[in-house]
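Chemist: Pasting the sequence and the predicted model now:
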Amino acid sequence: MGSQRKSIHGQWSGRLAFILAATGSAVGLGNIWKFPYITGENGGGAFVMTYLLCIAVIGLPIMMAEVLIGRRGRQSPINTMRELAADAGASRYWVLLGWAGVVAGFLILSYYSVIAGWALAYVFRAAAGLFTGLTADGVQSIFHDLIGEPERLMAWHTLFMVMTMIIVARGVRSGLEKAVRFLMPALLVLMLVLMGYAWNSGYFEQGVEFLFRPDFSKITPNAVLTAMGHAFFTLSLGMGAIMVYGSYLPDRISIARASVAISIADTAVALLAGMVIFPIVFANSLDPGAGPGLIFQTLPIAFGHMPYGAFFGMLFFILLVFAAWTSAISLIEPAVAWLVENRGHSRVNASVVAGISTWLFGLLTVFSFNIWSDFKPLAVGKFADMTLFDLLDYLTANIMLPLGGLLIAIFAVWKMSRASTVDELNMGDRFFYPLWRFLVRYITPIAVIIVFLNAIGVIDMKG
Ligand code: PFF
């Protein structure tokens with residue numbers, strides 16, 4: 001079994017390590033920061049249902065495809081795509097899919113690191129007791145002071161990028177694996193503690209209703225695209241992060257089981273985050289559609305009023321940083337692996353080169369919250385209101401990841417030989433393998449294409 005290739009970067013110690021690492025990649029700002037705010041912006045329940053459907057029908061099957069490609073190739077996404085395309089007798093242009101992944105990771109990390117910087121800043125603000133007793137207004141002004149100053153944002157962004165580079169430089173086993181073994185369980189415990197607080201806010205029901213009661217009249221083609229894009233983003237799919245993690249997966253481990261576990265864990269954390277945040281939003285008459293600042297303007301109010309709030313607040317933002325950290329590592333790993341394989345860099349050099357370039361590009365996001373907040377480069381249609389940060393987020397999450405995922409699916413089932421995917425997935429030839437193959441061959445690509453066409457207005461499913 002297996003392709004007989006070996007990774008020069010080493011392997012996970014086993015199944016649990018892979019699941020923790022991939023869950024670490026999946027669970028991040030996407031779950032705790034982005035999911036609540038895009039749910040708020042898109043009206044709640046119906047959006048959440050669409051997102052859950054996308055996870056099950058599109059996300060999970062594509063995750064399996066991406067892991068299997070990674071394990072088959074056992075290299076950075078670029079070299080994996082080159083070799084597997086050659087194995088399959090497919091066009092050598094498939095290598096571009098690997099390149100697109102590295103570029104997408106670079107673009108995402110450039111803004112991801114800035115937002116993670118907000119979380120870092122909040123660790124210290126919470127610890128210092130700045131939120132104690134504050135009203136919604138007070139918390140909002142702390143937030144606006146932070147994002148309004150480019151130097152401050154730049155400092156936190158720098159610190160986060162350095163943290164990311166340090167872990168990546170240490171390698172697969174002693175960097176990534178060590179970190180996730182401790183951080184992931186800790187995150188879950190804290191989420192549960194906070195949920196206890198939200199439960200007692202008196203608005204728990206209203207929050208849950210907002211999350212789960214679908215009102216499909218609120219759903220627009222754009223909201224469906226956002227939900228699908230987010231399914232890719234939250235599961236880290238479509239850019240090679242999960243592929244490169246798959247390349248470190250030992251041969252005997254079941255890809256299907258691990259992928260199911262990762263998807264469930266990721267979804268649970270997002271829903272839990274929603275159940276913590278929306279009751280607090282309603283209890284304080286805040287606007288669920290507040291946008292990217294949502295959790296930075298809601299959670300501190302809760303911490304400010306709970307016993308030991310400074311301590312729990314600090315802990316929460318530390319864990320948010322950790323969640324972001326384990327994702328950031330996976331965003332940069334494809335580039336680092338490629339630099340090591342093709343440019344002969346040591347891991348340390350590769351991490352520094354990739355990290356500094358990402359840091360530089362991240363300045364665009366830093367400035368788009370202050371000195372360039374009025375700079376909206378695309379003056380057309382729905383882009384007219386978007387800052388550089390908004391555009392980067394839209395381009396990567398709503399376009400590059402779904403497109404990358406679509407091509408990964410097509411490659412796995414239309415280009416690779418059936419025998420090699422049967423061998424890699426090892427699910428027996430009876431029921432599950434044909435089901436997966438059917439989904440990835442027909443359902444997933446058609447769904448992705450329909451959502452795209454609908455969002456750009458070529459077709460109109462409602463009208
Ligand atoms: N899945 C991460 C999150 O939800 O925060 C973000 C992410 C990581 C996206 C890695 C894409 C990726 F390749």
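Modeler: Received the coordinates, thanks.
Chemist: going forward, measure contacts between C-alpha atoms and count neighbours the same way
Modeler: OK.
Chemist: what does the protein put close to the ligand?
Modeler: Residues of the chain lying close to the ligand (C-alpha under 6 Å from any ligand atom) are 25-31, 105, 233-237, 239, 241, 327, 330-331.
Chemist: quick one: contacts for V168?
Modeler: Listed by C-alpha atoms under 8 Å, 6 or more residues apart in numbering, the contact partners of V168 are 175-176, 329, 333, 347-348, 351.
Chemist: how about 6 Å then?
Modeler: Applying C-alpha atoms under 6 Å, 6 or more residues apart in numbering to V168 gives no contacts.
Chemist: mind checking which helix or strand it is in?
Modeler: When elements are assigned from DSSP states H and E, V168 belongs to helix 150-170.
Chemist: That helix: how far from the chain's middle?
Modeler: 18 Å (C-alpha atoms, centre = their mean, to the nearest Å).
Chemist: Could you do stretch 297-312 as well?
Modeler: Offset of stretch 297-312 from its chain centre (C-alpha atoms, centre = their mean): 26 Å.
Chemist: in that stretch, what's buried?
Modeler: Buried residues in stretch 297-312, counted by 16 or more other C-alpha atoms under 10 Å: 297-304, 306, 309-312.
Chemist: quick one: low-confidence parts of the stretch 101-250 of the chain?
Modeler: Residue ranges of the stretch 101-250 of the chain with pLDDT under 70: 201.
Chemist: try 50
Modeler: The stretch 101-250 of the chain contains no residues with pLDDT under 50.
Chemist: Can you tell me the element D145 falls in?
Modeler: D145 belongs to helix 136-148 when assigned by DSSP H and E.
Chemist: could you give the angle of that helix to helix 150-170?
Modeler: 70 degrees (axes from the mean of the first three to the mean of the last three C-alpha atoms, to 10 degrees).
Chemist: returning to that earlier point: show me the buried residues of stretch 297-312 that map onto strands.
Modeler: Using DSSP state E, no member of those falls in strands.
Chemist: Looking at those, which is nearest V380?
Modeler: Q297 (30.4 Å; C-alpha to C-alpha).
Chemist: where does the closest one land on pLDDT?
Modeler: Here, the pLDDT recorded for Q297 equals 89.
Chemist: if we can go back for a sec, which among the buried residues of stretch 297-312 gets closest to the ligand?
Modeler: L299 (18.1 Å; C-alpha to the nearest ligand atom).
Chemist: gap between the closest residue to that closest one other than its chain neighbours and the ligand?
Modeler: Using C-alpha to C-alpha, 6 or more residues apart in numbering and skipping residues adjacent in sequence, the residue nearest L299 is I277, 6.8 Å away. Going from I277 to the ligand by C-alpha to the nearest ligand atom, to the nearest Å gives 17 Å.
Chemist: Tally up the residues packed near I277, please.
Modeler: 27 (other C-alpha atoms under 10 Å).
Chemist: Over to I371?
Modeler: Other residues within reach of I371, judged by other C-alpha under 10 Å, total 12.
Chemist: do the same with the one 10 residues further on
Modeler: The tally of other residues near G381 (other C-alpha under 10 Å) stands at 7.
Chemist: same thing with A85?
Modeler: Neighbours of A85 under the rule other C-alpha under 10 Å: 20.
Chemist: Please, which helix or strand holds it?
Modeler: Using DSSP H and E, A85 falls in helix 77-88.
Chemist: helices or strands next to that helix in the packing?
Modeler: helix 95-127 (3 or more C-alpha pairs under 6 Å, 6 or more residues apart in numbering; DSSP states H and E).
Chemist: just to revisit the earlier point, need the residues that contact the helix holding A85.
Modeler: For helix 77-88, using C-alpha under 6 Å, 6+ apart, the contacting residues are 73, 95, 98-99, 240, 416.
Chemist: For G117, state which of these is nearest.
Modeler: Distance to G117, by C-alpha to C-alpha, is smallest for G240 among the contacts of helix 77-88, at 24.1 Å.
Chemist: residues contacting that closest one?
Modeler: Contact partners of G240, counting by C-alpha under 6 Å, 6+ apart, are 77, 101.
Chemist: is it true that V114 touches T158?
Modeler: No - counting by C-alpha atoms under 6 Å, V114 sits too far from T158 to count as a contact (8.5 Å).
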